[in-house]
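Asks: Sequence first, predicted model second:
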Amino acid sequence: MCLIIQTNEPKKVDIDLMECAYQNNSDGFGVMFYNNGKVHTHKIVPKSFKDINKVWDIYKDLDTPMGIHFRFTTEGETTRSLSHPFQVLNAKEHGRDLWVMHNGARSVSYTHLRAHET
C-alpha cells in the first residue's frame with residue numbers, strides 16, 4: 001500500500017520519517033499543494049532517497065498545507081505517470097482542477113467520475 005503524509009507545516013516534516021517512507025515505498029514520490037489560486041504538483045520515480053531530498057528541498061519551506069505521497073506498486077508499472085497525485089479534472093475542460101492521491105488499488109474509473117461531475 002502507498003503512504004500519504006499530510007502536513008499543514010512542511011518545515012516540520014521529519015526527514016527521518018520521509019526516509020523511512022521511502023525505504024518501504026520507493027516506487028514513486030509526489031507532492032501536491034494549493035498556492036496562488038492553483039494546484040501545484042511534482043512527481044518522480046526516485047532512484048534513491050537523494051532524488052526525494054532534491055525535490056523536497058524545493059518545497060519544504062513553503063507555508064502551505066501539503067500532501068506527500070510514496071508509492072508502492074501493486075498494479076501497473078513503476079512509472080512517473082502512475083505516481084501520485086493524479087489529475088482527475090482540469091480547469092480548461094471542466095472549469096476546475098481536481099487531483100487525487102490514494103492508498104491502495106484504484107478501483108474507481110476516473111472516466112466514471114468525470115461523467116458525474118456537477
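Replies: Received it, and whenever you're ready, just let me know what you need.

Asks: and stretch 51-69, which residues are buried?
Replies: By neighbour count on 16 or more other Cβ atoms under 10 Å, the buried set for stretch 51-69 is Ile52, Val55, Trp56, Tyr59, Lys60, Met66, Gly67, Ile68, His69. (Glycine included, C-beta is placed from N, CA and C.)

Asks: roughly how far is that stretch from the heart of the chain?
Replies: Relative to the centre of its chain, stretch 51-69 is centred 11 Å away, using Cα atoms, centre = their mean, to the nearest Å.

Asks: now do stretch 83-91
Replies: 9 Å.

Asks: Please enumerate residues in contact with that stretch?
Replies: When contacts are defined by Cβ atoms under 8 Å, 6 or more residues apart in numbering, stretch 83-91 is touched by residues 2, 27-30, 32, 41, 43-45, 67, 69, 71, 96-102, 110, 113-114, 117.

Asks: and those residues, which of them are in strands?
Replies: Per DSSP state E, strands hold the following members of the contacts of stretch 83-91: 28-30, 32, 41, 43-44, 67, 69, 71, 98-100.

Asks: Dump those to a markdown table, plus distance to Asp16 and pLDDT.
Replies: Listed next are the ones in strands among the contacts of stretch 83-91 as a markdown table, based on distance: Cβ to Cβ, whole Å; pLDDT from 0 to 100:
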| residue | distance to Asp16 | pLDDT |
| --- | --- | --- |
| Gly28 | 20 | 90 |
| Phe29 | 16 | 94 |
| Gly30 | 20 | 93 |
| Met32 | 22 | 93 |
| Thr41 | 24 | 92 |
| Lys43 | 22 | 93 |
| Ile44 | 20 | 94 |
| Gly67 | 19 | 93 |
| His69 | 18 | 92 |
| Arg71 | 20 | 86 |
| Leu98 | 33 | 82 |
| Trp99 | 27 | 84 |
| Val100 | 27 | 81 |
